[in-house]
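[1] Predicted model and sequence follow; I will ask about them next.
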Amino acid sequence: MSTLTGTPPRTGPTLSTVVANPRPLRLVRHSLALAKRSLIKTWRTPEALIDVTLQPALFLVIFVYVFGGAVAGSTHDYLQYLLPGILAQTIATGCIAIGVNLNTDIAKGIFDRFRSLPVPRSAPLLGAVLGDVVRYVIVTVSTLAIGYLLGFRIEAGPLRALAGCLLAVLFALCLSWLPVYVGMKVRTPGAVQGVMFALIMPLSFASNVFVTAGTLPGWMQAVVTVNPLTHLVTAMRGLFLGTPVGDHVWWTLLWCAGFVVVFMPLALRAYRRRV
Amino acid sequence: MVSADRRTLHGMTAELMIEAEGLVKSFGRTRALQGVDLAVPRGTVLGVLGPNGAGKTTAVRILSTLLTPDAGTARINGLDVVRQAERVRQSIGLTGQYASVDEDLTGQQNLELFGTLLELGRVGARRRAVELLDWFDLTDAAHRPAKTYSGGMRRRLDLAASLVGSPDVIFLDEPTTGLDPAKREDMWDVVRSLVANGATVLLTTQYLEEADALADAITVIDHGRVIAHDTPDGLKRVVGGQTLEVRPADPAHLAPTAAILSRVGSGAPADEVRKGVLAVPVTDDSALTESVARLATAGIAVTELSLHLPSLDEVFFTLTGRTAADDDTTTRTEAAA
Ligand SMILES: Nc1ncnc2c1ncn2[C@@H]1O[C@H](COP(=O)(O)OP(=O)(O)O)[C@@H](O)[C@H]1O
Ligand SMILES: [Mg+2]
């Protein structure tokens, strides 16, 4: 390290010029820079994607071949019915990871560095949420690919199918503020995982992912009907299979807005308070 | 107990870049800081010396805007760390006690990210990253993920990350804990050249030797209180100066060696502190060369000859009349935060 005794390099704008020239759209640029960081991490640790790619494959095979005949009469019919549901369930489970990752980041101290820099307070969280879009796209594509291998076929036009995929990604993006909030509130990464599973699992089983609401007892039907996942699944089925979507797209979008309006401020506040 | 010595070390006119008055911070029932004052004039190094759990990290986190104090005030370059936190962040660099770089990102990506966040622009951030990696001798590892770095490399990257914005005030929280002696000296050189270029540095340490090597002034804290503040020389006068240790190659030479050391030293007779090792208190560094010369003249070969400053334990024993470890008000093992 002979070079170390020399003069420390001190080129480029110094911090005082930064103060003088606050560039516009700081929040956007900083969030994007931090989103890029999440992306690089996803790229470097592909094993973190195993659960969200393997789980839908397992669910599809098990449910289609074990229960398919009994539930829907034919395995192909059941696969057509089930795939949009499994995709919705996987994408909802997939956003648990962001809460776990952020909680780990805080424990490791990297967020201390962000907080000691002149960076807008919300940028690290916004960046992490944005960076995860790529994960949701990967989940969507891989689940559809597995479905195709098993015989699933999109029956609507490509634009409608694309809209279905986008709706799923948007849903995950908005829902992920819930795990972000839990990640800020709970002490350890393991606890984040636990709390989130306890929230997401009932949500996905008390929905029409696996069976139509009509086959369920009355009180259960009421739960299933308001469940945001039910709206998403019904909308996606319509968009993938060309059946009517009713007002389910709107209900899904309303839920998305609700997640953001409620959990984003809560998450940002919890982040600011966390020392 | 020796009370805090508050002589002005650099004259009243020196501009203070870091100043804290009466900082208090509690975590539940743990009183981490109980009224700490600190002052660092521009272009100087303050060493904050204290055992695990003394409150060093808490003080650094308050000064770097990561924590708000329960009471007291702190200013960086005249700016209040609570009310003007956003502006304080523009002029500080923080290297925490535990490396806070992203392990999955490469060295280059880490530094570029911080450069972007510091508004250096794409090109500027890239150029600054290359420059700093080069300066810290990390160019060969620039494109490897930081998790493949050795402990010393990680420390260097971490320090580089806090220098991306060319800060005026730099906080280093135990920058050399866990580094081997050679790496420690490298880190010292870095601190020296930062200061030579006008930076003001506050560094925490558990080693009197490190504070002595780098600091213009030393503040000793214990249980969240300042128990001494002085120049390194002043502190050494209080806690006792250095000890010269010599191990003659031939144990038969212990007696003549002891006689020589007693004459070189500050008057006290040489003691055998460990089997075959003689020690004598000395007042200045020239004792080292003098004893080498005298031992050579007497034809005595030695296998070990070194100067030691008192350990932190000894400093604390002198200052407080008890050892740093013998207390039960704080759980030292959980002081890692
Ligand atoms: N976030 C925290 N929560 C609870 N206790 C803490 C926290 N941070 C520090 N402490 C406690 O405050 C005291 C001072 O800690 P610290 O400032 O880390 O000391 P040092 O850096 O000198 O080892 C210790 O007793 C430590 O356990
Ligand atoms: Mg500490």
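    Good, I have the coordinates. Ligands and ions are numbered 1, 2, ... in the order given.

[2] Report whether stretch B:207-227 contacts ligand 2.
    No. Applying CB under 5 Å from the ion, one finds stretch B:207-227 separated from ligand 2 by no less than 11.1 Å. Backbone N, C-alpha and C define where each C-beta goes, glycine included.

[3] end-to-end on that stretch?
    16 Å (CA to CA, to the nearest Å).

[4] Quick one: mean pLDDT for it?
    Regarding stretch B:207-227, the rounded mean pLDDT is 92.

[5] right, quick check: it against ligand 1, any contact?
    No. Contact of stretch B:207-227 with ligand 1 (CB under 6 Å from any ligand atom) is absent, the minimum separation being 6.8 Å.

[6] tell me, how many neighbours does the residue of chain A found nearest ligand 2 end up with?
    Closest contact between chain A and ligand 2, by CB to the ion, is at A:G109 (11.9 Å). Number of residues near A:G109 (other CB atoms under 10 Å in any protein chain shown) recorded here: 15.

[7] Now it. Nearest residue, chain neighbours left out?
    B:S100 (3.8 Å; CB to CB, 6 or more residues apart in numbering or on different chains).

[8] contacting residues around the residue of chain A closest to ligand 2?
    A:G109 sits next to B:96, B:98-100 when contact means CB atoms under 8 Å, 6 or more residues apart in numbering or on different chains.

[9] same thing but 6 Å
    Shown in contact with A:G109 (CB atoms under 6 Å, 6 or more residues apart in numbering or on different chains): B:96, B:98, B:100.

[10] Distance of the most far-flung residue of chain B relative to its centre relative to B:G276?
    Each residue of chain B has a distance to the centre, and by CA atoms, centre = their mean the biggest one is for B:A252: 40.2 Å. Applying CB to CB, to the nearest Å, the value for B:A252 to B:G276 is 11 Å.

[11] go on, A:P84?
    As judged by CB to CB, A:P84 and B:G276 stand 81 Å apart.

[12] next one: B:R83
    Taking CB to CB, one finds B:R83 at 61 Å from B:G276.

[13] what do you get for B:G47?
    Taking CB to CB, one finds B:G47 at 34 Å from B:G276.

[14] neighbour count winner among the two?
    A direct count of neighbours by other CB under 10 Å for B:G47 and B:G276 places B:G47 higher, at 25 against 16.

[15] Report the contact partners of the closest residue to A:A123 other than its chain neighbours.
    Excluding the flanking residues, the one nearest A:A123 by CB to CB, 6+ apart is A:H30, at 4.0 Å. A:H30 makes contact with A:119-120, A:123, B:117, according to CB under 6 Å, 6+ apart.

[16] What segments of chain B are strands?
    B:16-27, B:30-41, B:45-49, B:71-76, B:79-80, B:92-95, B:169-173, B:200-205, B:217-222, B:225-230, B:242-248, B:271-274, B:277-282, B:302-308 (DSSP state E).

[17] which helices and strands sit right next to the first one?
    Strand B:16-27 makes packing contacts with strand B:30-41, strand B:71-76 when contacts are defined by 3 or more CB pairs under 6 Å, 6 or more residues apart in numbering or on different chains; DSSP states H and E.

[18] would you turn those into JSON lines with distance to ligand 1 and mean neighbour count?
    Output for the helices and strands packed on strand B:16-27, formatted as JSON lines (distance: least, CB to the nearest ligand atom, whole Å; neighbours: other CB atoms under 10 Å in any protein chain shown):
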{"stretch": "strand B:30-41", "distance to ligand 1": "3", "mean neighbour count": "21"}
{"stretch": "strand B:71-76", "distance to ligand 1": "15", "mean neighbour count": "20"}
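
[19] Output those strands in CSV; the columns should cover mean pLDDT.
    Below are the helices and strands packed on strand B:16-27 laid out as CSV (pLDDT from 0 to 100):
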stretch, mean pLDDT
strand B:30-41, 96
strand B:71-76, 97
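
[20] I'd like a version of these in a markdown table, one that adds distance to ligand 2 as further columns.
    Formatted as a markdown table, those follow (distance: least, CB to the ion, whole Å):
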| stretch | distance to ligand 2 |
| --- | --- |
| strand B:30-41 | 10 |
| strand B:71-76 | 17 |
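
[21] Nearest to chain B: which residue in the stretch 51-200 of chain A?
    Per CB to the nearest CB, the residue of the stretch 51-200 of chain A with the smallest distance to chain B is A:G109, at 3.8 Å.

[22] OK, contacts around the residue nearest to A:G109?
    So B:S100 contacts A:109-110, A:112-113 (CB under 6 Å, 6+ apart).

[23] Let me know the distance separating it from B:D186.
    In terms of CB to CB, B:S100 sits 20 Å off from B:D186.

[24] now B:A20
    Separation of B:A20 from B:D186 (CB to CB): 30 Å.

[25] If you drop the residues flanking it in sequence, what lies closest to B:S311?
    Nearest non-adjacent residue to B:S311 (CB to CB, 6+ apart): B:L208, at 7.1 Å.

[26] Could you give the number of residues near that neighbour?
    Neighbours around B:L208, by other CB under 10 Å: 25.

[27] what does the stretch 51-200 of chain B put close to chain A?
    Taking CB under 6 Å from any CB of the partner chain as the contact definition, the stretch 51-200 of chain B meets chain A at B:64, B:66-67, B:89-91, B:94, B:96, B:98, B:100, B:102, B:104-105, B:113, B:116-117, B:119-120, B:124, B:128, B:131, B:135, B:137, B:165-166, B:186, B:189-190, B:193-194, B:197.

[28] Residue of chain B closest to ligand 2, please.
    Counting by CB to the ion, chain B gets nearest ligand 2 through B:T57, at 3.2 Å.

[29] got a pLDDT number for that residue?
    Looking at B:T57, its pLDDT is 96.

[30] Equivalent analysis for B:V169, please.
    97.

[31] and it, how many neighbours does it have?
    When neighbours are defined as other CB under 10 Å, B:V169 has 21 of them.

[32] pLDDT for the contacts of B:S100 - can I get that in CSV?
    Formatted as CSV, the contacts of B:S100 follow (pLDDT from 0 to 100):
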residue, pLDDT
A:G109, 83
A:I110, 88
A:D112, 88
A:R113, 91
